[in-house]
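Engineer: have a look; sequence and predicted model below, questions after that.
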Amino acid sequence: MRVGDGIASGAGTAVAGTAALIACLATVAGCGSTTFTADELVAELNAHGAEVGLGEPLAAEGAVEIHALELGAVAEDDDHAHAGGSVMITEDDDSALAEYQRCESAASLLCFRAANAVLLLEDSVPRDDLARLESAVRGLASD
């Protein structure tokens with residue numbers, strides 16, 4: 001499985017306390033050629049402890065799908081506002097890398113890439129949620 005470039009914070013505006021986390025993930029990489037659907041990616045991340053939920057579809061154009069992504073205790077409390085972002089599923093790794101690089105240049109986003117998927121997170125994601133997600137992405141890299 002190929003899990004790409006880890007995470008980055010746009011123009012260096014990471015949430016306080018996550019700078020070290022971001023630095024250590026800058027080179028997460030794996031091998032192989034897995035592709036994910038949005039459901040498969042969320043299932044894999046949760047199998048590695050991420051505690052994420054796939055939200056409603058936000059957009060679809062050609063081979064690109066974008067879904068809302070919720071972090072934290074997503075299963076039980078629908079009235080609670082969850083921190084989150086979105087997950088973009090592209091047709092291949094190269095397209096995901098291009099989207100990851102575009103996300104990386106944003107001033108207020110945290111970005112992960114796993115094969116053909118890009119996770120785009122708000123910079124307000126709580127540290128605990130970010131740490132679980134970071135650990136899950138590392139888990140994907142080691143599979």
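Structural biologist: Cool, the structure landed.

Engineer: which elements pack onto the one helix or strand Gly55 maps to?
Structural biologist: Here Gly55 sits within strand 52-61, counting by DSSP states H and E. Contacting strand 52-61 under the criterion 3 or more C-beta pairs under 8 Å, 6 or more residues apart in numbering; DSSP states H and E are the following elements: helix 38-47, strand 64-71, strand 84-89. All C-beta atoms are positioned from the backbone trio N, CA, C, and that covers glycine.

Engineer: would you mind getting the angle between the last one and strand 52-61?
Structural biologist: In other words, strand 84-89. Orientation check (axes from the mean of the first three to the mean of the last three C-alpha atoms, to 10 degrees): strand 84-89 against strand 52-61 gives 50 degrees.

Engineer: pLDDT on strand 84-89, on average?
Structural biologist: Averaged over strand 84-89, pLDDT sits at 93.

Engineer: related to what we said a few turns ago, out of the helices and strands packed on strand 52-61, which comes closest to Cys103?
Structural biologist: strand 84-89 (8.5 Å; C-beta to C-beta).

Engineer: still on that earlier bit, so for the strand holding Gly55, mean pLDDT?
Structural biologist: So the average pLDDT for strand 52-61 ends up being 93.

Engineer: thanks a lot, see you next time.
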